[in-house]
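A.B. asks: Have a look; sequence and predicted model below, questions after that.
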Amino acid sequence: MGKVKPGDERPEIGLNAWLLHAYAELSTCRINSGMGGVAPIPWKAVADYAEYHRLDDMFVDIIIAADSEFTAHVNKDSGSKVNGDR
């Protein structure tokens with residue numbers, strides 16, 4: 001999977017738009033680690049969001065897995081020592 005270049009077509013999000021919206025909302029719950037890089041979204045925030053919206057455990061698993069990949073990628077590139085493990 002390469003980088004998006006100007007002129008590339010936008011990806012179709014379709015029915016997964018709600019999942020991306022949820023991830024964006026949950027990303028605001030990150031705690032500033034003070035060590036640079038990006039801290040993971042707290043598990044409690046994801047679990048509370050899922051409970052409030054009556055979503056099942058699969059939602060929590062998807063968000064946590066996606067966030068783990070995101071934080072590992074960002075922190076690797078930034079040289080941060082923030083640990084994204086839960």
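C.D. replies: Thanks, I have it. Residues are numbered from 1 along each chain as shown.

A.B. asks: going forward, measure contacts and count neighbours with C-alpha atoms only.
C.D. replies: Fine.

A.B. asks: tell me which residues in stretch 48-68 are buried?
C.D. replies: Going by neighbour count (16 or more other C-alpha atoms under 10 Å), the buried part of stretch 48-68 is Y49, A50, F59, V60, I63, I64, D67, S68.

A.B. asks: Packing partners of the helix or strand where the third one lies?
C.D. replies: Just to be clear, that refers to F59. Using DSSP states H and E, F59 maps to helix 57-78. Judged by 3 or more C-alpha pairs under 8 Å, 6 or more residues apart in numbering; DSSP states H and E, helix 57-78 is in contact with helix 43-52.

A.B. asks: Chain neighbours aside, what residue packs nearest to D67?
C.D. replies: P40 (6.6 Å; C-alpha to C-alpha, 6 or more residues apart in numbering).

A.B. asks: Can you pull the phi/psi pair for that neighbour?
C.D. replies: phi -70, psi 160 (degrees, to the nearest 10).

A.B. asks: same thing with D56?
C.D. replies: Note on D56: its backbone torsions stand at phi -90, psi -180 [degrees, to the nearest 10].

A.B. asks: what sits against it?
C.D. replies: Contact criterion C-alpha atoms under 8 Å, 6 or more residues apart in numbering gives A50 as the residues in contact with D56.

A.B. asks: Please apply the same query to Y23.
C.D. replies: With the criterion set at C-alpha under 8 Å, 6+ apart, Y23 makes contact with I63.

A.B. asks: State the distance from it to M35.
C.D. replies: Look at Y23 and M35: by C-alpha to C-alpha, to the nearest Å, they are 23 Å apart.

A.B. asks: can you check R54 too?
C.D. replies: From R54 across to M35, the span is 35 Å (C-alpha to C-alpha).

A.B. asks: go on, C29?
C.D. replies: The span separating C29 from M35 equals 17 Å under the rule C-alpha to C-alpha.

A.B. asks: which of those two has more neighbours?
C.D. replies: With other C-alpha atoms under 10 Å as the criterion, C29 and M35 differ in neighbour count, and C29 comes out ahead with 16 against 10.

A.B. asks: which secondary structure element contains E25?
C.D. replies: E25 belongs to helix 17-27 when elements are defined using DSSP H and E.
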